[in-house]
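Peer 1: Turn this into a structure:
(2 chains)
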Amino acid sequence: GENVEQHPSTLSVQEGDSAVIKCTYSDSASNYFPWYKQELGKRPQLIIDIRSNVGEKKDQRIAVTLNKTAKHFSLHITETQPEDSAVYFCAASVQGFQKLVFGTGTRLLVSP
Amino acid sequence: DVKVTQSSRYLVKRTGEKVFLECVQDMDHENMFWYRQDPGLGLRLIYFSYDVKMKEKGDIPEGYSVSREKKERFSLILESASTNQTSMYLCASSPRTVSPSEQYFGPGTRLTVT
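Peer 2: I've put the predicted structure just below:
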């Protein structure tokens, strides 16, 4: 079945720096790749997603890139701010199903 | 605005007790999911449902069962709670679409089994 690996597990940056989180997936049939942000004590919420027919997608300070050949996708956050501090999860869809397989999460800490 | 609610934020149960976790969504979504979240392990799928009275095993179904008698409600049942089921439990829902789409999560239930 689908397997999603996520790195790094923790990431500390200074405010204003960029942050990159990387995920790899195993099933070449996966076609939907969302990213969720979970702030402390809160529910995961979608921040950006990408489908397999697109190589890159941007939304203000965040962007996601997808390399289907290498089966990996990345989240890029520019000009980080303290409120970006959270746990970020990547996920990949499972062929033929509406379900997702999640990565193990990255704890991002942005220091002022 | 999608709303997914869960019956309890915190729950403490004893080993061997039968535990019910309830999830309700108000957006008429066909798909509903139960995950458990543990540090370093991410979100792992326990069970999911595509429709009323329909259920499918996820990646870690052992020790759990589910019930979906109404479209808006999806229950997770721990038949005999054990200490290794101490965890955060998250419910989610999504609409039935041609391709996979965003899942909307509830606030979670932190279950402690003593």
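
Peer 1: contacting residues for the closest residue to residue A:27 other than its chain neighbours?
Peer 2: Nearest non-adjacent residue to residue A:27, counting by Cβ to Cβ, 6 or more residues apart in numbering or on different chains: residue A:2, 4.3 Å away. C-betas here are computed from N, CA, C, even on glycine. For residue A:2, the contact set (Cβ atoms under 8 Å, 6 or more residues apart in numbering or on different chains) comprises A:25, A:26, A:27, A:30, A:92, A:93, A:94, A:95, A:101.

Peer 1: What pLDDT is listed against residue A:2?
Peer 2: Note on residue A:2: pLDDT of 85.

Peer 1: Tell me how far it lies from residue B:113.
Peer 2: Distance, residue A:2 to residue B:113, using Cβ to Cβ, to the nearest Å: 30 Å.

Peer 1: what's the answer for residue A:87, then?
Peer 2: Using Cβ to Cβ, we find residue A:87 at a distance of 24 Å from residue B:113.

Peer 1: likewise residue A:108?
Peer 2: Taken as Cβ to Cβ, the span from residue A:108 to residue B:113 is 31 Å.

Peer 1: where exactly do the strands run in chain A?
Peer 2: A:4-7, A:10-14, A:19-25, A:32-38, A:45-51, A:56-59, A:62-67, A:72-77, A:86-93, A:100-102, A:106-111 (DSSP state E).

Peer 1: Kindly reformat the ones you listed as CSV containing mean neighbour count and distance to chain B.
Peer 2: Shown next, in CSV, are the strands of chain A (neighbours: other Cβ atoms under 10 Å in any protein chain shown; distance: least, Cβ to the nearest Cβ, whole Å):
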stretch, mean neighbour count, distance to chain B
strand A:4-7, 17, 7
strand A:10-14, 13, 10
strand A:19-25, 20, 11
strand A:32-38, 22, 4
strand A:45-51, 17, 5
strand A:56-59, 12, 14
strand A:62-67, 18, 14
strand A:72-77, 21, 14
strand A:86-93, 25, 4
strand A:100-102, 25, 4
strand A:106-111, 18, 9
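
Peer 1: where are the low-confidence patches of the chain?
Peer 2: Using chain A. Nowhere does chain A drop to pLDDT under 70.

Peer 1: was after chain B, sorry
Peer 2: Within chain B, the segments meeting pLDDT under 70 span B:1-2.

Peer 1: let's go with 50 and repeat that
Peer 2: For chain B, no stretch has pLDDT under 50.

Peer 1: For the residue most central in space within it, give the beta-bridge partners.
Peer 2: In chain B, the residue lying closest to the centroid (Cα atoms, centre = their mean) is residue B:34, at 2.6 Å. Residue B:34 has these beta-bridge partners by DSSP bridges: residue B:47, residue B:91.

Peer 1: Cool, thanks, signing off.
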